[in-house]
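Student: Pasting the sequence and the predicted coordinates here, then a few questions.
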Number of protein chains: 2
Amino acid sequence: MSPTPVTNRGFGPARHAELALLLEVAGTPKPGNVDRRRDLSDLHFEHFLTGAVGAAKGLRLAESGTSVGEAFETAVAGMSKQGGGNTQFGCLLLLVPLVRAATAGDLSPDGAAAVVESTTVDDAVNFYRAFEHVNVAVGEVPDDASDLDVRHGGDAESALRDRDFSLYDVMELSADRDANAREWTGGFDRTFRAADAILVDDGPVTDRVARAFLDLLAEEPDTLVVTNHGESVARDVMDRAAAVSNLDEAEELAETFVTEGINPGTTADIACAATFVALERGVPL
Amino acid sequence: MSPTPVTNRGFGPARHAELALLLEVAGTPKPGNVDRRRDLSDLHFEHFLTGAVGAAKGLRLAESGTSVGEAFETAVAGMSKQGGGNTQFGCLLLLVPLVRAATAGDLSPDGAAAVVESTTVDDAVNFYRAFEHVNVAVGEVPDDASDLDVRHGGDAESALRDRDFSLYDVMELSADRDANAREWTGGFDRTFRAADAILVDDGPVTDRVARAFLDLLAEEPDTLVVTNHGESVARDVMDRAAAVSNLDEAEELAETFVTEGINPGTTADIACAATFVALERGVPL
């Protein structure tokens, strides 16, 4: 007899966040991303497993009440202890405030908004320092904010303090061109909607994650694809994702995107955050 | 430019043990076992990911000096919070004393032997209680030790106390027919040899783990296969593993074993323990 799936695991939010990192990368096919069946040339499945375990310390800090910025920087530092480079920077940017919201007992759009809106300049400084631990693909900043380019790392501290910019303010600055920043400033709207889809779906959680990823990919241009290939390629990626009607059909797209170097990593970040919310709400495993 | 693989991750033994659980199940092909490419009918990759995260609390206890038995029971209880059933009971039986040895600064055959030889009757009681958290396939016990059948769970406590049996004594009782018990009573000989093989091998760690698994499988009859199918089938499995000379050839064997219901799970336990030792010794990731 097969054991009954478990919905109440007794895991705290930090362990659910770590598990979300693992289930997200295991979800397959997630066209263009590392998944259970595919590696990219220098970025392998085992780098993501190592990144998830390394991030756990920072996630635990978030659960125990440490500030969003410090928990995030610690998580990124731990994540980067593998040779693949940036595996889960964007996932962690979404997970850390969600872990805080869950710990505060209000894992909802309002609860998540309350967490991010209460971030400070110190959180922003930690966020900039996190870029010193790992290379992250980023877009251009507006001319009037070049002192806030994340590529300055911790050197941006004085600019942040001069402008009195909280981490929320930093996210607002790039919300028009970065889907993760838009989650921060928009009550994690896509995250919660994708979590609902995962919860009402059926089958293995990794299949549900893959289907949620495809729906998200068809919905908006992926930020990382825009950064690397421009807006029109990102629009084309959306259309191609929308044309896929099930996971079998997505297998072919997965092969094609890897060949073409299309890596919709930001969409995977949101799928990961949605998986966390679904785990907290009792998706069976 | 591809980042440099990391050898010193700054992970403690508990995190390396959790990572070993993940890298072991990701290693592919591991004929007859769940791996990155294959699920069994009721036992899926995602159950192992969940089991690894669930076990982390018990592994952390081992790192912080909690007794082997209590840490093991806690790890098994956490591991079992998923619907696949027994995912990593045997792995944890090997990992917990190895984590203790690593924490004591002597992760060697002598250091591991010192840990297991100092186990007590209380550790044995915890071990028996662990069987109440999850169904574990076990062989028959000798007629003169039927009061020590693990299927008694915590009810065996009085028999253990009457006989003054430590957990080490329990392992000695089944060392002739259980390869994991033999690791306990033999200085983790196969574990340390397989770890050396993983360290001198090259390529992704998950490939190294798969090759170490195949070598272990060719070396001795797998205990779980003996339990489920008898000694002669287990001998045949050894021969078929020995006939495989690389991972490509092992793909076919992996398909065949799954079809035949051959699940060499004990060999996977030892491969997992070896992966932990290799991580502690700086295998690059």
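Tutor: Done, it's in.
Student: Pull the contacting residues for residue A:35.
Tutor: A:25, A:26, A:27, A:28, A:29, A:45, A:210, A:254 (CB atoms under 8 Å, 6 or more residues apart in numbering or on different chains). C-betas here are computed from N, CA, C, even on glycine.
Student: need the residues of the stretch 1-150 of chain A near chain B, please.
Tutor: A:2-6, A:9-11, A:15, A:18-19, A:22-23, A:26, A:36-37, A:42, A:44-47, A:49-50, A:52-54, A:56, A:78, A:81-85, A:135 (CB under 8 Å from any CB of the partner chain).
Student: ok, 7 Å please
Tutor: Residues of the stretch 1-150 of chain A found near chain B (CB under 7 Å from any CB of the partner chain) are A:2-6, A:9-11, A:15, A:18-19, A:22-23, A:26, A:36, A:42, A:44-47, A:49-50, A:53-54, A:56, A:81-85.
Student: PyMOL command to pick out the buried ones of those residues?
Tutor: Entered in PyMOL, the line below selects the buried ones among these, by 16 or more other CB atoms under 10 Å in any protein chain shown:
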select buried, chain A and resi 3+6+9+11+15+18+19+22+23+26+36+44+45+46+47+49+50+53+54+56+81+82+83+84+85
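Student: so which strand or helix has whichever residue of the stretch 101-250 of chain A sits closest to chain B?
Tutor: Chain B sits closest to residue A:206 of the stretch 101-250 of chain A, with a gap of 5.1 Å, by CB to the nearest CB. Here residue A:206, judged by DSSP states H and E, is contained in helix A:205-219.
Student: What is that helix packed up against?
Tutor: Contact here means 3 or more CB pairs under 7 Å, 6 or more residues apart in numbering or on different chains; DSSP states H and E; on that basis helix A:205-219 packs against helix A:13-26, helix A:189-200, helix A:231-242, helix A:247-260, helix A:265-280.
Student: Next secondary structure after it?
Tutor: helix A:223-229.
Student: Tell me which residues are up against that next one.
Tutor: A:137-139, A:178-180, A:233-234, A:237, A:262-266 (CB atoms under 7 Å, 6 or more residues apart in numbering or on different chains).
Student: again, but for stretch A:141-154
Tutor: Looking at what lies outside stretch A:141-154 - CB under 7 Å, 6+ apart - the contacts are A:125, A:128, A:129, A:131, A:132, A:138, A:156, A:159, A:170, A:173.
Student: PyMOL command for the buried members of the residues you listed?
Tutor: In PyMOL, a selection of the buried entries from the contacts of stretch A:141-154 looks like this (16+ other CB under 10 Å):
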select buried, chain A and resi 125+128+129+131+132+156+159+170+173
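Student: Make TSV out of the contacts of stretch A:141-154 and add secondary structure, distance to residue B:217 and pLDDT.
Tutor: Listed next are the contacts of stretch A:141-154 as TSV, based on DSSP: H, G, I helix; E, B strand; the rest coil; distance: CB to CB, whole Å; pLDDT from 0 to 100:
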residue	secondary structure	distance to residue B:217	pLDDT
A:125	helix	52	98
A:128	helix	50	97
A:129	helix	47	97
A:131	coil	45	96
A:132	coil	45	96
A:138	coil	47	87
A:156	helix	54	94
A:159	helix	59	96
A:170	helix	53	96
A:173	helix	56	93
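Student: And the furthest pair within the contacts of stretch A:141-154?
Tutor: A:132 and A:173 (19.7 Å; CB to CB).
Student: Can you give me every residue that contacts whichever residue of the stretch 51-200 of chain A sits closest to chain B?
Tutor: Proximity of the stretch 51-200 of chain A to chain B (CB to the nearest CB) peaks at residue A:83, 3.6 Å away. If a contact means CB under 7 Å, 6+ apart, then residue A:83 has A:47, B:3, B:4, B:5, B:6, B:284, B:285 as its contacts.
Student: and of the residues you listed, the nearest to residue B:93?
Tutor: residue B:285 (24.8 Å).
Student: Kindly tell me how buried the closest one is, as a neighbour count.
Tutor: 24 (other CB atoms under 10 Å in any protein chain shown).
Student: got it, and residue A:76?
Tutor: 28.
Student: confidence score at it?
Tutor: Predicted confidence (pLDDT) for residue A:76: 98.
Student: Compute the distance between the closest residue to it other than its chain neighbours and residue A:30, please.
Tutor: Excluding the flanking residues, the one nearest residue A:76 by CB to CB, 6 or more residues apart in numbering or on different chains is residue A:130, at 4.2 Å. According to CB to CB, to the nearest Å, residue A:130 stands 24 Å off from residue A:30.
Student: So these two - more neighbours on which side?
Tutor: residue A:30 (32 against 26).
Student: Now do the contacts for that one.
Tutor: Neighbours of residue A:30 in contact, by CB under 7 Å, 6+ apart: A:210, A:213, A:268.
Student: what's the following helix or strand after the helix or strand hosting residue A:90?
Tutor: If you go by DSSP H and E, residue A:90 is part of helix A:89-103. The C-terminal neighbour of helix A:89-103 among helices and strands, as given by DSSP H and E, is helix A:109-117.
Student: got the buried residues for that next one?
Tutor: A:109, A:111, A:112, A:113, A:114, A:115, A:116.
Student: From the chain's centroid, how far away is that helix?
Tutor: Mean-position distance between helix A:109-117 and its chain equals 17 Å (CA atoms, centre = their mean, to the nearest Å).
Student: Report the angle between it and helix A:265-280.
Tutor: Relative orientation of helix A:109-117 versus helix A:265-280 (axes from the mean of the first three to the mean of the last three CA atoms, to 10 degrees): 120 degrees.
Student: Close to chain B: what parts of the stretch 151-285 of chain A are there?
Tutor: A:204, A:205, A:206, A:284, A:285.
Student: any idea which helix or strand carries the closest residue to the fourth one other than its chain neighbours?
Tutor: Among residues not flanking residue A:284 along the chain, residue A:5 sits closest, at 3.6 Å (CB to CB, 6+ apart). Using DSSP H and E, residue A:5 is not contained in any helix or strand.
Student: so who does residue A:5 touch?
Tutor: A:284, A:285, B:83.
Student: Residue B:88 versus the closest residue to the last one other than its chain neighbours, what's the distance?
Tutor: This means residue B:83. The shortest distance from residue B:83 to any non-neighbouring residue, by CB to CB, 6+ apart, is to residue A:5 (3.6 Å). In this structure, residue A:5 lies at 18 Å from residue B:88, with CB to CB as the measure.
Student: swap in residue A:41?
Tutor: As for residue A:41, its distance to residue B:88 is 31 Å (criterion: CB to CB).
Student: low-confidence ranges in chain A?
Tutor: A:1-2 (pLDDT under 70).
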